[in-house]
Each structure stands twice: as C-alpha cells, then as structure tokens.
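[1] just a sequence and a predicted model for now, questions to come.
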Amino acid sequence: MKEVLLVVGAWIHLFASIVWVGGIFFILFAAFPGAKETLEQPGKLMGALSKRFAPLANISILFIFVTGILMSLSSHSLSEITSLGSAWSQALLVKIMLALIMTGIHFYRGLVVAPKITKLTAEGGRLENISGLQKQSLNLVKLNLLFGLTVLLITGILYAFRG
C-alpha cells in the first residue's frame, strides 16, 4: 500500500510541477509573444490569462509542497533530510529553497504587482508607470521560469542519486 501512495504522490507532484512550470513556459513563449503580435492591447489578454492561471498555480504549489514533504519523509528519515551530510540532502535543501523563492515571487507578483497595474490602468495612470510595473511583472515571471527549470534539474539529480 505504501508503494501505491508513493506512486500517486509522485504523480500528483509531477503533474502539479508540469502545470506550474509548464504554465509559466507557455505564457512566456506562446501567449505573450502571440498577444504582442496580434493585439493592440496585449496587456488585457495577459491579465485575463494571469487571472485564470493563478488559481491553477496556487493549487499546484500546495500540492507540490504537500506531496514533496510526504515523499521525502517516506523515503528518508527526518534526520537524513535535515543533516545535510549527503549530496542528496544538500540538493533537496537547494530544491526546497528555490521552490520557496518561486512561491514568494508568484504571490508577490500576483498580490502586489498585478493589483498595482490594474489600479493604475483603471485610474488612467501614467503610461511609463504602468509600463515599468508590467516589465517588472514580466521579469519576475522569467525569473520564476529560470528557478523552475533549475528545480526540475535538481529533481533529476535527486532521482539519479536517491538512496
């Protein structure tokens, strides 16, 4: 039964990672360039996509952390995980730290930067202020993609050197 739970946990963990990092990849390399090429106001489409994607990302983040904790504890003892005496535990710590940073960036962008953009746009704010915030938001998304791809690489390393 433990193996079945591990398989289901790993599947949920991977699926949630695909949704979050894959969603970021799609937004940066398909949706945003397509919107810029074809729309006069690409920001409107990107805002709508962000509103739809954010809840999916939020749920994915929750699943990633819950399943990650459960899988780590089921495959290694807590003392092994926290000792940092092995390359495996050190890589896991880096993965966790990057995932926490990604989560912070995600929520900062969604709860601080995006509402500022919306408010300034609705109030007819200065275009350079709105543009600056949009650039900041885009840079945060790019940074999260970089961190996400790094987390996936570390996941491969953890898998290869498990045990």
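    Right, received. Where do you want to start? This is a predicted model, so every value here is computed, not measured.
[2] count of neighbours near the nearest residue to residue 2 once chain neighbours are set aside?
    Residue nearest to residue 2 in three dimensions, not counting chain neighbours: residue 74, with 6.9 Å by C-beta to C-beta, 6 or more residues apart in numbering. All C-beta atoms are positioned from the backbone trio N, CA, C, and that covers glycine. Using other C-beta atoms under 10 Å, residue 74 has 12 neighbouring residues.
[3] distance check, residue 74 against residue 8.
    Shown here: residue 74 relative to residue 8, a distance of 12 Å by C-beta to C-beta, to the nearest Å.
[4] for residue 14, same thing?
    11 Å.
[5] swap in residue 101?
    The separation that residue 101 has from residue 8, given C-beta to C-beta, amounts to 27 Å.
[6] cool, residue 29 as well?
    In terms of C-beta to C-beta, residue 29 sits 31 Å off from residue 8.
[7] cool, and residue 137?
    For residue 137, the distance to residue 8 - C-beta to C-beta - is 35 Å.
[8] if you count surrounding residues, which of those two has more?
    residue 137 (22 against 11).
[9] got the contact list for that one?
    Contacts for residue 137 (C-beta atoms under 8 Å, 6 or more residues apart in numbering) come out as 109, 113, 114, 117.
[10] so what's the closest residue to the second one other than its chain neighbours scoring on pLDDT?
    What it means is residue 113. Beyond its immediate neighbours in the sequence, the residue positioned closest to residue 113 (C-beta to C-beta, 6+ apart) is residue 137, lying 4.8 Å away. pLDDT for residue 137: 94.
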